[in-house]
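> sequence isn't available, so here's the structure alone:
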């Protein structure tokens, strides 16, 4: 079904604005395939979501025609490097390791890494608590790299292609915990019926050496002209309020400057502006 919907989207490519002078073909912008609320296909088969809307607005600001291409996360950076896409607005964390492979704009939002579990199953993330636990993680993400490098001898790691698969296995008890970014865990799991009885465990993990410096727009290394255009377009939509307008359509809390609001293991939310969202 995912492949079918993705094919519909690819056949009906999304454009924004006229073709820039001298541009022979649309700019191909990669987004993640089926990662609500950042990118997803709606019931009409149309691609929607925060990343998709940001990509469209950047293209409109640059007065450039674009095609939005949904790809699985592991295919995004290889796609940039082999030229099958020109840029990625796909929630890719800016890390030193990835900077060796692609170039980034400044961040367009920020998320932090969090564990989520049933409070009666896991009370904290000490080595003693985690020993022998099964942890779900999305494949080839910063979270996967962190677990693989620091806790592979402590926990059993199960890797998935899509977040919704992690959430189903977590709810069914096939996993003890999941590690992911706080926004996806909130919107895709904790706010849903599937996430009833689950909560974040311990404070966020935000060491930039593991989790980066926010989520940036990636381009093929050395494509300085496009990088400069995207940087200027991003600055424009941040300054004129368009970025925040798009954000408000998808999130009821700030995702640019701060992490998502905290939900403790007691279910309390300590962000006054976001109370009641759970």
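Nice, I can see it. The structure displayed is predicted, hence computed values, not measured ones.
> output the below-cut-off pLDDT ranges for the chain.
1-24, 258-278 (pLDDT under 70).
> quick one: the helices in it?
For the chain, helices defined by DSSP state H occupy the ranges 2-11, 50-61, 76-82, 96-99, 127-130, 142-150, 163-171, 182-185, 208-211, 224-239, 242-250.
> what's in contact with the last one?
Put plainly, it is helix 242-250. Contact partners of helix 242-250, identified using CB atoms under 8 Å, 6 or more residues apart in numbering, comprise 37, 49-50, 53-54, 57, 61, 108-109, 234, 236-237, 254-256. Using the backbone N, CA and C atoms, a C-beta is placed for each residue, glycine as well.
> also the second one?
Helix 50-61 is touched from outside by 14-17, 27, 29, 31-32, 35, 37-39, 65-66, 68, 89-91, 108-109, 217, 230, 233-234, 236-237, 242-243, 246-247, 249-251, with contacts defined as CB under 8 Å, 6+ apart.
> 6 Å instead?
16-17, 29, 31, 37-39, 66, 68, 89, 233, 236-237, 242, 246, 250 (CB atoms under 6 Å, 6 or more residues apart in numbering).
> stretch 116-130 now?
Looking at what lies outside stretch 116-130 - CB under 6 Å, 6+ apart - the contacts are 115, 154-155, 176-178, 185, 197-202, 265.
> which of the contacts of helix 50-61 are buried, as a ChimeraX select command?
Burial among the contacts of helix 50-61 is assessed by 16 or more other CB atoms under 10 Å; the matching ChimeraX selection reads:
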select :16,17,29,31,37,38,39,66,68,89,233,237,242,246,250
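> sorry, back to before: could you flag which of the contacts of stretch 116-130 are buried?
115, 154-155, 176-178, 185, 198-202, 265.
> those into CSV, with extra columns for distance to residue 125?
CSV is the format used below for the buried ones among the contacts of stretch 116-130 (distance: CB to CB, whole Å):
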residue, distance to residue 125
115, 5
154, 10
155, 10
176, 11
177, 8
178, 12
185, 14
198, 15
199, 13
200, 10
201, 6
202, 5
265, 11
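> so which of these sit within strands?
Members of these lying in strands (criterion: DSSP state E): 115, 177-178, 199-202.
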